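A.B. asks: Got a sequence here, can you build the structure:
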Amino acid sequence: MIVIKGETFSEAYIRSLGYLVNHPQYTSSPRGMKVKETLNVGLEIKDPRFCLYSNPRRSSQYSYIAAELLWYFAGRSDLKFIEKYASFWRQIANDDLSINSAYGNLIFKQKNENGYSQWQWAMESLIKDKDSRQAVMLFNKPMYQYSDNKDFICTLNGVFMIRNNRLHLTINMRSNDVILGTPTDVAFFCMLLQQAHKLLKKHYPDLRLGKYTHYANSYHLYERHFQLADEMLATYNVAERMPDIGVDLID
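C.D. replies: Coordinates of the predicted model:
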């Protein structure tokens with residue numbers, strides 16, 4: 001396992017991109033598309049408030065991330081809203097024009113047979129027991145294991161933990177595209193961590209914001225982005241901070 005640490009996402013991200021470009025473990029071709037790939041990569045971000053970056057060649061996609069955050073926190077799963085901001089969603093939509101990888105719908109709206117959403121379970125676990133190891137959210141569930149699924153969810157699970165009076169979040173992914181996936185995924189999950197921190201401070205007033213850790217079983221770069229990655233590495237990254245959360249975005 002390779003763990004790349006940074007004070008900000010920008011710092012950890014550009015290091016991970018350089019490692020993937022210059023020292024990939026494998027060259028594979030899933031679905032016929034060549035990739036440089038390293039298995040079991042972790043990005044550890046000390047200050048998750050700085051979850052965006054600017055780069056003269058390619059920066060965080062601010063407009064799309066803003067739209068995606070609205071879509072996720074509203075708990076929506078419809079193609080109609082999100083396709084206005086990224087057409088690729090049309091390629092993986094279900095026949096009813098719903099999206100499997102609508103993370104907000106998965107953790108805020110869907111409920112299990114016991115009446116819990118994944119978010120509710122995680123938050124209540126920590127409210128009941130500050131030291132709980134059960135604050136788990138599941139994303140890729142057995143219901144999505146079917147033939148011809150065009151959108152097999154990349155995120156497996158997330159785990160919140162409070163240790164030394166800091167709230168941490170770890171997200172585990174089966175697969176992550178370093179150019180198109182990682183920057184948008186990290187932005188949402190860092191915001192999710194900040195939202196959880198805001199909620200839990202009502203119960204633990206002295207609780208502090210901890211680190212965000214992002215694990216990918218397959219961390220990869222597609223051939224169509226090889227030149228782009230080289231150009232990004234030839235310039236510089238600047239860390240950008242997401243605005244603070246002043247309201248409960250989920251309620």
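
A.B. asks: and the longest strand belonging to the chain, what's its mean pLDDT?
C.D. replies: In terms of residue count, the longest strand belonging to the chain (DSSP state E) is strand 208-222. Strand 208-222 shows a mean pLDDT of 98.

A.B. asks: and that strand, how far from the chain's centre?
C.D. replies: 7 Å (C-alpha atoms, centre = their mean, to the nearest Å).

A.B. asks: Just the buried residues of it, please?
C.D. replies: Neighbour-count burial for strand 208-222, counted by 16 or more other C-beta atoms under 10 Å, picks out 209-216, 218-222. Quick note: C-beta positions are derived from backbone N, CA and C, even for glycine.

A.B. asks: What is the burial count for residue 153?
C.D. replies: 20 (other C-beta atoms under 10 Å).

A.B. asks: ok, now which ones touch it?
C.D. replies: 100-101, 106, 139-140, 144 (C-beta atoms under 8 Å, 6 or more residues apart in numbering).

A.B. asks: got CSV for those, with neighbour count, pLDDT and distance to residue 92 too?
C.D. replies: Formatted as CSV, the contacts of residue 153 follow (neighbours: other C-beta atoms under 10 Å; pLDDT from 0 to 100; distance: C-beta to C-beta, whole Å):
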residue, neighbour count, pLDDT, distance to residue 92
100, 20, 98, 8
101, 17, 98, 8
106, 24, 98, 15
139, 21, 98, 15
140, 19, 97, 14
144, 14, 96, 12
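
A.B. asks: State the mean pLDDT of the lengthiest helix in the chain.
C.D. replies: Criterion DSSP state H: the longest helix present in the chain is helix 182-200. Per-region confidence: helix 182-200 scores 97 on mean pLDDT.

A.B. asks: Just the CA atoms of it, as CSV, please.
C.D. replies: Output in CSV follows, covering the C-alpha atoms of helix 182-200 (Å, rounded to 0.1, in the frame of the first residue of the first chain):
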residue,chain,number,x,y,z
THR,A,182,-10.5,11.9,-7.7
PRO,A,183,-10.9,15.7,-7.6
THR,A,184,-14.7,15.7,-7.6
ASP,A,185,-15.0,12.7,-5.2
VAL,A,186,-12.6,14.3,-2.7
ALA,A,187,-14.5,17.6,-2.8
PHE,A,188,-17.8,16.0,-1.9
PHE,A,189,-16.4,13.7,0.8
CYS,A,190,-14.5,16.5,2.4
MET,A,191,-17.7,18.6,2.5
LEU,A,192,-19.5,15.6,3.9
LEU,A,193,-16.9,15.4,6.7
GLN,A,194,-17.4,19.1,7.5
GLN,A,195,-21.2,18.6,7.5
ALA,A,196,-20.8,15.7,9.9
HIS,A,197,-18.6,17.8,12.1
LYS,A,198,-21.1,20.6,12.2
LEU,A,199,-23.9,18.1,13.2
LEU,A,200,-21.8,16.3,15.9
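
A.B. asks: just how off-centre is that helix within its chain?
C.D. replies: In terms of C-alpha atoms, centre = their mean, the centre of helix 182-200 is set 8 Å apart from its chain centre.

A.B. asks: could you give the angle of it to strand 208-222?
C.D. replies: 160 degrees (axes from the mean of the first three to the mean of the last three C-alpha atoms, to 10 degrees).
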